[in-house]
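A.B. asks: here's my sequence, what's the structure:
(one chain, ligands or ions: 2)
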Amino acid sequence: MKLTGVELRRIRMPLVAPFRTSFGTETSRDVLLLRVVTAEAEGWGECVAMSEPLYSSEYVEAAGDVLRRFLIPALAAQPGLDANRVAPALAPVKGHRMAKAALETAVLDAELRAAGRSLARELGAVRESVPCGVSVGIMDSVGELLDAVDGYLAAGYVRIKLKIEPGWDVEPVRAVRERFGDDVLLQVDANTAYTRADARHLAQLDPFDLLLIEQPLDEEDLLGHAELARVIRTPVCLDESITSARAAADAIALGACAIVNVKPGRVGGYLEARRVHDVCVAHGVPVWCGGMLESGIGRAANVALAALPGFTLPGDTSASDRYYRTDVTAPFVLADGHLAVPTGPGIGVEPVPDALAALTTGTEWLPL
Ligand SMILES: CC(=O)N[C@@H](Cc1ccc2ccccc2c1)C(=O)O
Ligand SMILES: [Mg+2]
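C.D. replies: Ligands and ions are numbered 1, 2, ... in the order given. Next up, the predicted model:
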């Protein structure tokens, strides 16, 4: 496929409510979208990096810079590229997986649109819809949390994930269990907020029959997670630590995780995300699809990924209105706790021109 150019488009999407985690509070998303133009078709990709390097070392300004100065020129140097060759072409650039993922996704989307094939089919989806969980932020009071959880359960979400941090963990989990009972699928996400010294404290979560505890320790502390897994009963799930299929294999071999949160942006793209899935399935490790507050562009691709056979736990593939009043694409709407897997060519969605224009804060065209 001959690339004629790439558009870098920044959009700003206000959140319907502040979203607080152990690493900060988000009130709006500053999103970098890529539009790859080829003679045959256009393709879209979303960079999931935050505005600040608080979830990982990547942030949106840096992603734009590395794309403009290094990644897009590296593609231009490879005439007649297909999506399978994007990662090898970008490999000389170290890191910047979220930036690379956005570019690979846009090339893959263009290629699949030109071929009339859906991403779901390309990745190996086996379902037409996926069950959806929801990630619930840290709140100012337990009462506020219970109201939020009540609303999400009423909306039909099949799994509740609570963000936790030291000082906001056992009490909110206990309150949710007491109010909503033992049958609600419930898990927690610490975003690396604890240390190995907190093992006995985290064991206090064991009586609440959680599905998992996500990334309690530092992303580089695999041995710490393995040690923690020997002390607590709640299954350990990794997110930030799993940056590639190899990292997944190593974490599993070390006993650092029993479950994996798969995020295409974190691992460098949907093709690597499928490899993470395949490694986990080979080891009998369940996976679920994580979320980075994506717009409908990233959300569409995530829902396709979540339809693969090894995704046996509900993911953070929530409806558009969990985060946004207006999405840049047609909204993803929860139906009976599920989102429908897009069936159109490529990612199966595209920005609604008026919404895109209204949300755009900047655009840059890079000819190739
Ligand atoms: C849905 C969910 O909990 N996602 C991440 C954390 C997270 C939280 C806040 C974010 C703000 C902007 C961009 C990405 C973000 C990711 C997680 O699973 O760890
Ligand atoms: Mg997480």
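A.B. asks: now the residue lying closest to Gln204 once chain neighbours are set aside: phi and psi?
C.D. replies: Leaving out its chain neighbours, the residue that sits closest to Gln204 by CB to CB, 6 or more residues apart in numbering is Val170, at 4.9 Å. Every residue, glycine included, has its C-beta placed from N, CA and C. When read as degrees, to the nearest 10, the backbone of Val170 gives phi -60, psi -40.
A.B. asks: the one 4 residues further on now?
C.D. replies: For Arg174, the backbone dihedrals are phi -60, psi -40 (criterion: degrees, to the nearest 10).
A.B. asks: contacting residues around the spatially closest residue to it that is not a sequence neighbour?
C.D. replies: Excluding the flanking residues, the one nearest Arg174 by CB to CB, 6+ apart is Phe208, at 6.8 Å. By CB atoms under 8 Å, 6 or more residues apart in numbering, Phe208 lies in contact with Val173, Arg174, Arg177, Leu186.
A.B. asks: measure the residue nearest to Gln204 to Leu162 for me?
C.D. replies: Plainly put, Val170 is 11 Å away from Leu162 if you go by CB to CB, to the nearest Å.
A.B. asks: of the two, which one has the most company?
C.D. replies: Using other CB atoms under 10 Å as the criterion, Val170 and Leu162 rank with Leu162 on top: 24 against 16.
A.B. asks: burial check on Gly80, number of neighbours?
C.D. replies: 8.
A.B. asks: what helix or strand is it on?
C.D. replies: When elements are assigned from DSSP states H and E, Gly80 belongs to no helix and no strand.
A.B. asks: on the pLDDT front, check it for me.
C.D. replies: Gly80 carries a pLDDT score of 76 in this model.
A.B. asks: now name the helix or strand holding the residue nearest to Pro345 when sequence neighbours are not counted.
C.D. replies: Leaving aside its sequence neighbours, Pro345 sits nearest to Arg113 (CB to CB, 6+ apart; 4.4 Å). Using DSSP H and E, Arg113 sits in helix 97-115.
A.B. asks: which of the residues in that helix are buried?
C.D. replies: 97-114 (16 or more other CB atoms under 10 Å).
A.B. asks: among these, which are within reach of ligand 1?
C.D. replies: Applying CB under 6 Å from any ligand atom, the subset of the buried residues of helix 97-115 adjacent to ligand 1 is empty.
A.B. asks: what is the strand or helix carrying Gln187 packed up against?
C.D. replies: Using DSSP H and E, Gln187 maps to strand 185-189. When contacts are defined as 3 or more CB pairs under 8 Å, 6 or more residues apart in numbering; DSSP states H and E, strand 185-189 packs onto strand 133-136, strand 159-163, helix 170-180, strand 213-214.
A.B. asks: whichever helix or strand Ala74 is part of packs against which elements?
C.D. replies: Using DSSP H and E, Ala74 sits in helix 72-76. Packing contacts for helix 72-76, counted by 3+ CB pairs under 8 Å, 6+ apart, involve strand 3-21, helix 86-90, helix 97-115.
A.B. asks: quick one: mean pLDDT for the last one?
C.D. replies: So that's helix 97-115. On average, the pLDDT along helix 97-115 is 98.
A.B. asks: and the angle from it to strand 3-21?
C.D. replies: Angle, helix 97-115 to strand 3-21, by axes from the mean of the first three to the mean of the last three CA atoms, to 10 degrees: 130 degrees.
A.B. asks: which residues does the residue nearest to the spatial centre of the chain contact?
C.D. replies: When CA atoms, centre = their mean is applied to the chain, the residue found nearest the centroid is Gly291 (3.0 Å). Counting by CB under 8 Å, 6+ apart, Gly291 touches Ser135, Lys263, Arg299, Asn302, Gly315, Asp316, Thr317, Ser318.
A.B. asks: take those and keep only those in helices.
C.D. replies: Arg299, Asn302 (DSSP state H).
A.B. asks: filter the contacts of Gly291 down to the ones near ligand 1?
C.D. replies: Among the contacts of Gly291, proximity to ligand 1 is found for Ser135, Asp316 (CB under 6 Å from any ligand atom).
A.B. asks: please identify the buried residues of the helix or strand of the chain with the lowest mean pLDDT?
C.D. replies: Here the helix or strand of the chain ranked lowest by mean pLDDT, DSSP states H and E is helix 72-76, holding a mean of 94. Buried positions in helix 72-76, judged by neighbour count with 16+ other CB under 10 Å: Ile72, Ala74, Leu75, Ala76.
A.B. asks: need the residues of this protein near ligand 2, please.
C.D. replies: With CB under 5 Å from the ion as the criterion, the chain meets ligand 2 at residues Asp189, Glu214, Asp239.
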